[in-house]
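Q: Need a 3D model of the following:
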Amino acid sequence: MHENLFMKKSNADPSRFRQADRSTPDELGYRGEMDHYIQNSIGSYYEKIENFPKYIPRQALSRFIALFEIFQKAFFVQGDIIECGVNLGGCLMYFAQLSSILEPVNLQRRVVGFDTFSGFSAINDKDKSVGSHNSEMKKGGYSADSYDDLLRSVELYDKNRFLGHINKVSLIKGDACKTIPRFIADNTHTMVSLLHLDFDLYEPTKVAIENFVPRMPKGGVIIFDELNNDSWPGETVAVMESLGLGNLRIARLPYEPHISYAILE
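A: Down below sits the predicted model:
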């Protein structure tokens, strides 16, 4: 019933709402109905954003609350925020907004996002899991051509913050296995207070850990998106090989099933 209602009421492709192999037909139907409701609800787009609790699903709201809790743990640590895996940019800009609200004159806290903006570059054997049927586990998976859109988002963001003339958000486009070492070579001053690992895959995650963690002081926070996730085993393998699970006190929040984090001690 839900999927039929979705097809009648929305012109969007229902496959865009699928997440790996976990979504039920009812969940897909809910997303379709919400998509239609958001498009046709009263108010301008700006008014809708101002009233976002009407439209945001509890799962997304739970995620943003969790990220806020974790952001606060790195608040007094010197260094930049590194977003590994930008996709459509919601998390990247959320960290940027939190920084501009809570520390408006901290011109040394930059937010840097790394992404191909064309989906996964390659899949390593260590990313594959027996029994998992992950439709996005492929070259080009989770493609989001959001680079130009995000540049405009950053431009508007700069108009509505203190010190808007000083660069705050940077987008690094390309294969992270190449762009991260190049970024470090070009920015030898870089320290990292918060490292968000959301590449999903083994190789770019390992490159990120090996390049950024040595630049994190004690108290720095690493956020993991796919630890202990049988659909995305590569992140766990990369963490085991580069850091060792026994060297980290990995914590989680009870209301968000995917995110975990570690504070460097």
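
Q: what's next to stretch 222-238, contact-wise?
A: 20-22, 67, 70, 85, 124, 126-129, 131-132, 134, 137, 194-203, 205-206, 209, 213, 216, 239, 248, 250, 258-262, 264 (CB atoms under 8 Å, 6 or more residues apart in numbering). In short, each C-beta sits where N, CA and C put it, glycine included.

Q: repeat that for 7 Å
A: Residues outside stretch 222-238 that contact it (CB atoms under 7 Å, 6 or more residues apart in numbering): 20-21, 70, 124, 126-127, 129, 132, 134, 195-198, 200-202, 205-206, 209, 239, 250, 258-262.

Q: before we move on, what about stretch 256-263?
A: 62-63, 66, 70, 73, 219, 221-225, 227, 248-253.

Q: change it to 6 Å
A: For stretch 256-263, contacts defined as CB atoms under 6 Å, 6 or more residues apart in numbering pick out 62-63, 66, 70, 221-225, 227, 248-252.

Q: now the helices for the chain?
A: For the chain, applying DSSP state H gives helices covering 2-9, 25-40, 45-50, 58-73, 90-102, 147-158, 176-186, 202-212, 233-242.

Q: most packed of those helices?
A: helix 202-212 (a mean of 23; mean count of other CB atoms under 10 Å).

Q: And the pLDDT for residue 20?
A: Note on residue 20: pLDDT of 46.

Q: If you could redo that for residue 179, that was the one I meant.
A: For residue 179, the model assigns a pLDDT of 98.

Q: Give me the pLDDT for the spatially closest residue to it that is not a sequence neighbour.
A: Counting by CB to CB, 6 or more residues apart in numbering, residue 179 lies nearest to residue 172, which is 5.0 Å off, once chain neighbours are set aside. With respect to pLDDT, residue 172 scores 98.

Q: Surely residue 158 is in contact with residue 164?
A: Yes. With contacts counted by CB atoms under 6 Å, residue 158 reaches residue 164, the gap being 4.2 Å.

Q: what is in contact with these two at once?
A: With CB under 6 Å, 6+ apart, residue 158 and residue 164 have no common neighbours.

Q: Okay, domains of this protein per the record?
A: 2-49, 58-263 (automatic domain parsing).

Q: Mean pLDDT lowest where, among those domains?
A: Set side by side, the domains of the chain give their lowest mean pLDDT on domain 2-49, at a mean of 71.

Q: on that earlier part again, which of the contacts of stretch 256-263 sits closest to residue 119?
A: Within the contacts of stretch 256-263, the smallest distance to residue 119 is 16.6 Å, found for residue 225 (CB to CB).

Q: Ramachandran angles for the closest one?
A: phi -100, psi -20 (degrees, to the nearest 10).

Q: Next, work out how far apart it and residue 126 are.
A: Residue 225 sits 17 Å away from residue 126, taking CB to CB, to the nearest Å as the criterion.

Q: the more surrounded of the two?
A: When neighbours are counted by other CB atoms under 10 Å, residue 225 and residue 126 differ, and residue 225 comes out ahead with 20 against 17.

Q: Distance-wise, check that one relative to residue 182.
A: On the measure of CB to CB, residue 225 and residue 182 end up 24 Å apart.

Q: Residue 84 now?
A: Residue 84 is 15 Å from residue 182, by CB to CB.

Q: just to revisit the earlier point, return the set of residues that bridge with the residue nearest to residue 179.
A: residue 114 (DSSP bridges).

Q: Could you give the number of residues near it?
A: Count around residue 172 with other CB under 10 Å applied: 17.

Q: Now restrict the contacts of stretch 222-238 to buried residues only.
A: Neighbour-count burial (16 or more other CB atoms under 10 Å) applied to those gives 20, 70, 126-127, 134, 195-198, 200-202, 205-206, 209, 239, 258-262.

Q: Quick check: chain neighbours aside, which residue is closest to residue 100?
A: residue 161 (4.1 Å).

Q: surely the one you found meets residue 101?
A: No. Contact between residue 161 and residue 101 fails when scored by CB under 6 Å: they sit 8.5 Å apart.

Q: ok, the residue nearest to residue 100 - how many residues close by?
A: Count around residue 161 with other CB under 10 Å applied: 15.
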